[in-house]
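Engineer: After the sequence you'll find the predicted model.
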2 protein chains.
Amino acid sequence: MPILVVGSVAFDALETPFGKVDRCIGGSATYFSVAASFFTEVDLVAVVGDDFTDADAEVFEGRNIHTDGLQRVAGAKTFFWSGEYSYDLNVAKTRDTQLNVFADFAPRLNERQKQADVLFLANIDPDLQYDVLKQAKRPRLVALDTMNYWISSKHEALERILREVDLAIINEAEVRQFTGEANLVKGCRQILTLGPSTLVVKRGEYGVLMITKDAIFAAPAYPLENVFDPTGAGDTFAGGFLGYLASRSEIHDRELRRAIIFGSVLASFTVEKFSLDRLREISLRDIHERYTDFRALTSFEDFDS
Amino acid sequence: MPILVVGSVAFDALETPFGKVDRCIGGSATYFSVAASFFTEVDLVAVVGDDFTDADAEVFEGRNIHTDGLQRVAGAKTFFWSGEYSYDLNVAKTRDTQLNVFADFAPRLNERQKQADVLFLANIDPDLQYDVLKQAKRPRLVALDTMNYWISSKHEALERILREVDLAIINEAEVRQFTGEANLVKGCRQILTLGPSTLVVKRGEYGVLMITKDAIFAAPAYPLENVFDPTGAGDTFAGGFLGYLASRSEIHDRELRRAIIFGSVLASFTVEKFSLDRLREISLRDIHERYTDFRALTSFEDFDS
């Protein structure tokens, strides 16, 4: 069933200890869409400038992605982010951010988009997230991502949208920042009281923790010997996670857990190369194989009592 | 089957955001012994001063722990460590260390101790670890722990002992420090080439990674809403892990994985109160219950293909 994502399509300049690239495709909605499209039909809503060429748009082609919601603004430039990583690949240092067309992004959904079954509000201004949510008819599942910038500058707006979503995908440090609670589990329970039934906490190289009112699920990240570029790992995770969920007729604990693993699998591919380079060359078979590796990585038997 | 531990028995002064204690029992061998004694017979080799009273020694009583290897030195004081933690409970700040009797610790094993089936060389001078190892007859399994101090001050001695052990239990940051390799998996593989067949990497609140030549196993830490005092968590983990292994007739991948979970379970109890207070009040039944909780925390099904 179709999933709608509203977020950014961008150009990135990246430098890691393993290489450097001056201009490559990035953006939360880009990573999300490509990852989710392995499992379901994706409706992409984003904005680019006229520097975004047909060759650039090929990243979405031959996949299950509707791009009529990718608005091109003439005479303007695409959102640009430049960042670097040192050997500690967990922390990106931003060198430059140019919002460009993204500064005036005010998405209007068409009729098909309004009918989306699952809605993902990627990391954008929480007021904009709210506005998009109000345009949607009755999505079965609404999820959002956010970041430290919105937590400090738009705390109330973020709280308002959190009250309306089913699921939030958020970094560990952001849980602590948002709640002021040092203990992660307590912080998560505080956010759950606002409204979401499920909280998915991203912990970088340490994996993911999912907390609902009834259960906690912990998944490690896939231990890679070669992490090349962590950009987009979180958005790829969200795409794999929600894309898989959107493809299921029912969403319950068993499917949520599987979805966490699929999200983690997709993210583990993304970081193996720059930009979406690795994501673009894998198949569903590669994804299934790594899912099986995850079972071997985490499984242990009950004890003999 | 009996497990021999050589390490420290100490007094600690601790301050966390949740409380303060001026003098409580601590030390690597103390936490290790009590944790391991839930599963097997323990032989403790350590040294204390005459300030270590019979009341203090009660921590070992009524358990499966031989204490004739706990040497008391008249007119001398027990090893003392004072530390504090802020809300980020992952990092201890040392206020004071007084080696006292521990400065001249030169353990001599008796005949029973030399026959130990499993040997754990807790975090002491690697030359001392080597000396103890050479006294042991034919242990089925030899494991060690170490710390950043020995990695920088006694790198060659540490490498010598690493060549002789089957298993090393080490912090994540110490793998990177010892090898100079930023990627954790690569760093582990480098240490495995020295000799150990198994490396157990402690990652604090993120759990444990076990790496052998053939497999990787990842276990999360138990997500606690109340972490009171992290002191001793690593040594408790080692005690539960090796104590369980010592109780098994064969040591292979399945048992190693179970042992990791038992170690994690024991460590999760330790941090719930100061010193060994929580460890002293739990039963094997509590341990088994939390083991079952760990299965619920980590399990997920294969996908429907």
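Structural biologist: Cool, the structure landed.

Engineer: Any residues of the stretch 51-200 of chain A in contact with chain B? List them.
Structural biologist: A:Tyr87, A:Asp88, A:Leu89, A:Ala182, A:Asn183, A:Leu184, A:Val185, A:Lys186, A:Arg189 (Cβ under 8 Å from any Cβ of the partner chain). Glycine gets a C-beta too; all of them are placed from N, C-alpha and C.

Engineer: my guess is the fifth one meets B:Val227, correct?
Structural biologist: What it means is A:Asn183. Yes: counting by Cβ atoms under 8 Å, A:Asn183 does reach B:Val227; the two are 6.8 Å apart.

Engineer: ok, the nearest residue to A:Thr198 once chain neighbours are set aside to chain B distance?
Structural biologist: Residue nearest to A:Thr198 in three dimensions, not counting chain neighbours: A:Leu167, with 4.5 Å by Cβ to Cβ, 6 or more residues apart in numbering or on different chains. For A:Leu167, the distance to chain B (Cβ to the nearest Cβ, to the nearest Å) stands at 17 Å.

Engineer: Could you report the neighbour count for A:Leu167?
Structural biologist: A:Leu167: 23 surrounding residues under other Cβ atoms under 10 Å in any protein chain shown.

Engineer: quick one: contacts for it?
Structural biologist: A:Leu141, A:Val142, A:Ala143, A:Leu144, A:Pro196, A:Ser197, A:Thr198, A:Leu199, A:Val200 (Cβ atoms under 8 Å, 6 or more residues apart in numbering or on different chains).

Engineer: what about the fifth one, neighbour count?
Structural biologist: If you count neighbours by other Cβ under 10 Å, A:Pro196 ends up with 25.

Engineer: Isn't it up against A:Val165?
Structural biologist: Yes: between A:Pro196 and A:Val165 there is a contact under Cβ under 8 Å: 5.5 Å.

Engineer: Pull out the buried residues from stretch A:97-109.
Structural biologist: A:Asn100, A:Val101, A:Phe102, A:Phe105, A:Pro107, A:Leu109 (16 or more other Cβ atoms under 10 Å in any protein chain shown).

Engineer: Give me the distance from it to the chain's centre.
Structural biologist: 18 Å (Cα atoms, centre = their mean, to the nearest Å).

Engineer: Show residues contacting it.
Structural biologist: Stretch A:97-109 has contacts (Cβ under 8 Å, 6+ apart) with A:4, A:6, A:8, A:10, A:45-49, A:69, A:73, A:76-82, A:124, A:128, A:131-132, A:135-136.

Engineer: Report how many residues lie close to A:Ser28.
Structural biologist: 26.

Engineer: Can you tell me which residue is spatially central in chain A?
Structural biologist: A:Asp235 (2.4 Å; Cα atoms, centre = their mean).

Engineer: For it, identify the helix or strand it belongs to.
Structural biologist: Here A:Asp235, judged by DSSP states H and E, is contained in helix A:233-246.

Engineer: does chain B sit close to that helix?
Structural biologist: No: figure legend: helix A:233-246 not in contact with chain B (Cβ under 8 Å from any Cβ); closest approach 8.5 Å.

Engineer: What mean pLDDT does the next helix or strand after that helix get?
Structural biologist: Using DSSP H and E, the next helix or strand after helix A:233-246 towards the C-terminus is helix A:253-270. Taken as a whole, helix A:253-270 has a mean pLDDT of 98.

Engineer: quick one, helix A:253-270 and helix A:233-246 angle?
Structural biologist: The directions of helix A:253-270 and helix A:233-246 differ by 140 degrees, with axes from the mean of the first three to the mean of the last three Cα atoms, to 10 degrees as the criterion.

Engineer: Tell me the buried residues in helix A:253-270?
Structural biologist: Here helix A:253-270 shows A:255-270 as buried, counting by 16+ other Cβ under 10 Å.

Engineer: now do stretch A:172-183
Structural biologist: A:Glu172, A:Glu174, A:Val175, A:Arg176, A:Gln177, A:Phe178, A:Thr179, A:Glu181, A:Asn183.

Engineer: again, but for stretch A:105-125
Structural biologist: A:105, A:107, A:109, A:113-114, A:116-125.

Engineer: Show me how far it is from its chain's centre.
Structural biologist: That offset, for stretch A:105-125, works out to 14 Å (Cα atoms, centre = their mean).

Engineer: ok so, going back, helices or strands next to the helix holding A:Asp235 in the packing?
Structural biologist: strand A:3-6, helix A:28-36, strand A:118-121, strand A:141-145, strand A:167-171, strand A:198-202, helix A:253-270 (3 or more Cβ pairs under 8 Å, 6 or more residues apart in numbering or on different chains; DSSP states H and E).

Engineer: Can I get that helix as CSV, trimmed to CA atoms?
Structural biologist: Presented in CSV, the C-alpha positions along helix A:233-246 are these (Å, rounded to 0.1, in the frame of the first residue of the first chain):
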residue,chain,number,x,y,z
ALA,A,233,21.7,6.0,7.3
GLY,A,234,18.9,7.3,9.5
ASP,A,235,16.6,8.2,6.6
THR,A,236,17.4,4.9,4.9
PHE,A,237,16.5,3.1,8.1
ALA,A,238,13.2,4.9,8.3
GLY,A,239,12.5,4.0,4.6
GLY,A,240,13.2,0.3,5.1
PHE,A,241,11.3,0.3,8.4
LEU,A,242,8.1,2.1,7.2
GLY,A,243,8.3,0.7,3.6
TYR,A,244,8.1,-2.8,5.0
LEU,A,245,5.3,-1.9,7.4
ALA,A,246,3.3,-0.2,4.6
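
Engineer: what about stretch A:193-207, how long is it end to end?
Structural biologist: With Cα to Cα, to the nearest Å as the measure, stretch A:193-207 spans 24 Å from end to end.
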